[in-house]
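Enquirer: Following is a predicted model, sequence given first.
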Amino acid sequence: MMTNPGEHDHADEMAAFGGETEAEYENKINELNAALTAAQATAEEQRNMALRARADVENMRRRFERDVENAHKYALEKFVAELVPVVDGMSLGLNAVANPSPEVKKFLEGSLMTLKMLVAAMEKFGVKEVNPVGEKFNPDRHLAMSMQASAEHAPNTVLNVVQKGYMLADRLIRPAMVVVAKAEDAPSVGNVDEMA
């Protein structure tokens, strides 16, 4: 029997695949396709896990760098908190002398110089005074001690600083204790506009 050159001999084709039937051949292809799909899914899952692990490591590195930076930046926080009352005490003592005698005047000059040196040393290490006279009340940096009627100042303006505040870099060590302006006809409730 003559075969057409365009037609394949089915028996030869089956022999090439180990004598398997067409159904067995299709099953093997389906199994291989399923194994390939599973392998691709596993590879994608592993890739995603690797990306998440890389992101976690990067986040930990950034957090560690930020923690180290903050540790350097705020290492003096407790020390500064201890020095602030010393500055307050010296300031109060110096302000209390109204009419000094010549002997007290010399002591006063030396104390003023010491206070300036102490404040300059604190400033060198990033400590800043919070002295907000004339500024708008800021509840994040100021502590309102009382309110006072004022025709010359807008409501919620700091009129007087009872005790200066201090900051180390951008961290508040102690808020400034202040007297805040209120409108003259406003009741004296002691409330300060917290939204200011």
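Expert: It's in.
Enquirer: low-confidence ranges in this protein?
Expert: For the chain, the stretches with pLDDT under 70 are 1-19, 186-196.
Enquirer: Quick check: what element follows the one helix or strand residue 27 maps to along the chain?
Expert: Here residue 27, judged by DSSP states H and E, is contained in helix 22-73. Going down the chain from helix 22-73, the next helix or strand is helix 77-96, by DSSP H and E.
Enquirer: Which positions within that next one qualify as buried?
Expert: Using 16 or more other Cβ atoms under 10 Å as the burial criterion, the residues of helix 77-96 that qualify are 80, 83, 84, 87, 90, 91. Backbone N, C-alpha and C define where each C-beta goes, glycine included.
Enquirer: need the contact list for the residue nearest to the fifth one when sequence neighbours are not counted.
Expert: Counting by Cβ to Cβ, 6 or more residues apart in numbering, residue 115 is the residue found nearest to residue 90 once chain neighbours are left out, at 4.7 Å. If you count contacts by Cβ atoms under 8 Å, 6 or more residues apart in numbering, residue 115 has them with 87, 90, 91, 94.
Enquirer: How many neighbouring residues does residue 176 have?
Expert: 25 (other Cβ atoms under 10 Å).
Enquirer: Identify the residue nearest it in space, chain neighbours excluded?
Expert: Spatially, and ignoring its direct neighbours in sequence, residue 176 is nearest to residue 165 (3.3 Å; Cβ to Cβ, 6+ apart).
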